[in-house]
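*Asks:* okay, predicted coordinates and the sequence, questions at the end:
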Amino acid sequence: MARPHIEFVHAQCVGWTLRADGAEEKVLNADPLTDEATLIVRYPPGYSAPANTAGEGAEEFFVLNGTVEIDGEARHPHAYGFLPQGSGLGQRNTAHGAVLLVFRHAAGDADAMAGTADAIAIHTPAMPWDVSTYDPKLIHLRLARKVLRLGPNNSGRTFLLTGMAHGVPPEGTTLPAEMHDHAEEMFMLQGAMWAPEGRMGAGAYFYRPPGILHGPHVSEYGFLQIMRSPGANAIVTHWSDIHKPVPVGVPYRPVLPDGTPATWMCEIPSETAW
Ligand SMILES: [Fe+2]
């Protein structure tokens, strides 16, 4: 069984679990048969840990808050990294604490091993945005992208995606839904996007297995998200013939795996209190 469909929860609704090493984590989605998972990890001030062991799966991460020094290099908010399995990398310490979004690859995944997969360390705010490659059916979102990683053997891409404010087509417009042959995964860093399942604000997370019809998506005030496409480095989209109404204002109706705690369905405020 592969990773279950979850679309979507806000990570703020998921409780922390204290680990033996003093860090806390919240696992958002996991493969029941391997240790592949997506989780948020919070390192307390003064935390330190040795390098990942040869038996631990590759670690892909994005710094959400704070600063953590990994292998001697300070990683600030929005730093991205990939630590291949068996690379001997991952020694870390943080003086004041840090929160990381972690995509843990399955131990033994041949495409994530040192020698096949490259170690990556990027300060993503310094990268230029790529605005060149968008599907005309998504023109209303005015998208831009930063590709952070292209996995070996077409094993998947990780990228930042942003859309401008006022990405809602005129009233009465209908839009097609979409489907891919690969999985899609998303964590919302800033802003919000409307989907038929509700309003994905900052902290929203989904993991969508291949072959699931989704969208349309629109954004009133813009967004920044980190996305992955496990199983493909190039996104191929199959568009539906059926067009759907723009989903602004729809109620929160997530798709959740069996056994998901009811508390994960909490709703977060959509408006800033001034
Ligand atoms: Fe998609």
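*Replies:* Here it is on my side, so go on.

*Asks:* and the gap between Glu69 and Gly151?
*Replies:* According to CB to CB, to the nearest Å, Glu69 and Gly151 sit 26 Å apart. For every residue, glycine as well, the C-beta is placed using N, CA and C.

*Asks:* neighbour count for these two, which is higher?
*Replies:* More neighbours surround Gly151 than the other of Glu69 and Gly151, with 25 against 15 (other CB atoms under 10 Å).

*Asks:* so Asn153, which state does it fall into?
*Replies:* helix (DSSP: H, G, I helix; E, B strand; the rest coil).

*Asks:* just the pLDDT for it.
*Replies:* Predicted confidence (pLDDT) for Asn153: 97.

*Asks:* with Met1 instead?
*Replies:* On pLDDT, Met1 comes in at 56.

*Asks:* next, count neighbours for Lys244.
*Replies:* 14.

*Asks:* with Gly222 instead?
*Replies:* The burial count for Gly222: 17, using other CB under 10 Å.

*Asks:* before we move on, what about Ala20?
*Replies:* Neighbours around Ala20, by other CB under 10 Å: 5.

*Asks:* again with Gly172
*Replies:* Neighbours of Gly172 (other CB under 10 Å): 7.

*Asks:* how far away is the residue lying farthest from the centre of the chain from Gly211?
*Replies:* Outermost residue of the chain with respect to the C-alpha centroid, by CA atoms, centre = their mean, is Gly172; its distance is 31.1 Å. Distance of Gly172 to Gly211, given as CB to CB: 30 Å.

*Asks:* picking up where we left off before, so what pLDDT did the residue farthest from the centre of the chain get?
*Replies:* Per-residue confidence (pLDDT) for Gly172: 91.

*Asks:* that one and Val246, how far apart?
*Replies:* Distance from Gly172 to Val246, by CB to CB: 9 Å.

*Asks:* mind splitting this structure into its structural domains?
*Replies:* 34-126, 136-265 (automatic domain parsing).

*Asks:* looking at the ones you listed, spot the one closest to Ala11.
*Replies:* domain 136-265 (4.5 Å; CB to CB).

*Asks:* quick revisit: got phi/psi on the residue farthest from the centre of the chain?
*Replies:* Dihedral pair for Gly172: phi 90, psi -10, per degrees, to the nearest 10.

*Asks:* good, we can wrap up now.
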